Structure formats: structure tokens, C-alpha cells
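K.L.:
Sequence plus the predicted model coming up.
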Amino acid sequence: MSEVLAAPVSAPLPPGPLAGQALAIAARLQSVFPPTLFKFNMLPGKINKAEWDRLTSGNQSFLGLGFNGIAPNKDNGSLFGGVASWMLMVATRHNGTPKDRYFGNAQYPGVTLLATTAMAILQGFDAGTGSVVVTACSNLSPDEWGGDSAIIGITLTVPLTLNVDTAILPPTGLGLFEKMAETYNWPVVSGSSDFMTSTWDNPNV
């Protein structure tokens, strides 16, 4: 059984607005594609066949969401604004004919229903920082990775504006990274400053 994506209860660091977008989009999808039937996973930036097989293993159908990047606005000043891009993949396992993979059968929906449903529930949805815009939808079923599955890929964009109050939560926590269990060992470089050749141990750990 797949669990609904949610922020960790005891998360040591706040998730921030990008994670908020992912959580909102996932919750929207899982309100229509039930977690009991569709396994949910975050997609890596680049995916190969072995990784795809691992993510989609089992008998459940699949929902995957991946982060593509952010395109900054051209007129940015002191406040950062841009558009975050996300990739959604929805797959159902089919043992039927190519016609079944397109139009579905009594057991599973096909490409056409998966695509129209996902686009309809996401277009215009408020993901916390702005409304989702569907920019592309592709039929990925012919790819050999999918086998007999019906697979769609959808590209989404969500506007994003960043300032200290939205990017660092709570806004008073400018030292939010102080409790990281890290020791920084700077490489020794000939002629470098004392700072770059020193070892800094976090005193707050």
C-alpha cells in the first residue's frame, strides 16, 4: 500500500515553498488517484530503466512527481520571482491490447482517461505559491520501459516568489542550518587565507 505524501512530523528543517508545492500537488493527485491503488514516489532528476523498474515494482499503478528546475523572471530586482517546473508521470499496468492501453478496459484506465483527468484536476489548482499551469502532456506508453503499461507524462509550472519570510520559515530563524551535524574541512590551497585552510566545527551540534 502506498502512503499519502506528507511532511515529516519531526522534520528538523522547515520544508520551504518548493516542498510545499510538491506536497500540495501530491495531495491534489491523491484525492483522485487513491494511494491504495496508485503507488506514489518522487522521481529523480534523471531516470534510467533500472530506476524506473524499481519505482514501479509491484502490482500497483504508479504516480511519480519530479522537480525539473526554476526559470527566473527576466525583470527580477531585489525580490526573486520565477516559475518552477515539475514532471508528473502516471502509469497503469495493462495486460490488454494496444487499444486497451489507449482507452482502458474494465480493470484499468487507459492513456486518454489518465491524461484528461490529471490535467483537469491540476490546471488552475492553487499549489500554495500560485496556480498550476499544464504546459505539455505526452504519451509514453510506446517506450520499451513501460512494457504493457499505459503511461503519460505531464509537465507543470507553478509561479514562485522568494523572500526571507517565504524561503526561511519561521522568518526569525535565519540560523536554521545551525543545528546541522556537519564538520567542514576546507581543502588546503597554497597561498589561501587562514579561513580556507582551517577546519570549522559547528559549535551548536
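P.N.:
Thanks, I have the structure now.

K.L.:
So L55 is in contact with N48, correct?
P.N.:
No: with contacts counted by C-beta atoms under 8 Å, L55 stays clear of N48, the gap being 10.9 Å. Every residue, glycine included, has its C-beta placed from N, CA and C.

K.L.:
more neighbours, the two?
P.N.:
Between L55 and N48, counted using other C-beta atoms under 10 Å, L55 has the larger neighbour count: 19 against 10.

K.L.:
Next one: the closest residue to Q60 other than its chain neighbours from D53, what distance?
P.N.:
Excluding the flanking residues, the one nearest Q60 by C-beta to C-beta, 6 or more residues apart in numbering is K39, at 4.1 Å. Per C-beta to C-beta, to the nearest Å, K39 is found 13 Å from D53.

K.L.:
Next: M42.
P.N.:
Relative to D53, M42 is positioned 16 Å away (criterion: C-beta to C-beta).

K.L.:
N163 too?
P.N.:
Distance check for N163 against D53: by C-beta to C-beta, it reads 42 Å.

K.L.:
List the residue ranges of the chain that fall below the pLDDT cut-off.
P.N.:
Counting by pLDDT under 70, the chain contains low-confidence residues at 1-14, 96, 142-147, 164-205.

K.L.:
roughly how far apart are K39 and K49?
P.N.:
With the distance defined as C-beta to C-beta, K39 ends up 18 Å from K49.

K.L.:
okay, these two: which has more neighbours?
P.N.:
More neighbours sit around K39 than around the other of K39 and K49, counting by other C-beta under 10 Å; the figures are 20 against 10.

K.L.:
What's opposite that one in the beta bridge?
P.N.:
Residues in a beta bridge with K39, per DSSP bridges, are F62.

K.L.:
Please verify my assumption that it contacts N59.
P.N.:
No: counting by C-beta under 8 Å, K39 does not reach N59; the two are 9.3 Å apart.

K.L.:
Show me which parts of the longest helix anywhere in the chain are buried, residue by residue.
P.N.:
Using DSSP state H, we find that the single longest helix of the chain is helix 16-30. Of all the residues in helix 16-30, those buried under the rule 16 or more other C-beta atoms under 10 Å are 17-18, 20-26, 28-30.

K.L.:
How about stretch 64-78?
P.N.:
64-67, 70.

K.L.:
And for stretch 105-122?
P.N.:
Buried positions in stretch 105-122, judged by neighbour count with 16+ other C-beta under 10 Å: 108-111, 113-115, 117-119, 121-122.

K.L.:
Between these, which sits nearest F80?
P.N.:
Relative to F80, the closest of those is L122; by C-beta to C-beta it sits at 24.3 Å.

K.L.:
isn't that closest one right up against L156?
P.N.:
Yes: applying C-beta under 8 Å, one finds L122 in contact with L156, separated by 6.2 Å.

K.L.:
any shared contact partners between these two?
P.N.:
The contact sets of L122 and L156 overlap at 25, 88, 132, 134 (C-beta atoms under 8 Å, 6 or more residues apart in numbering).
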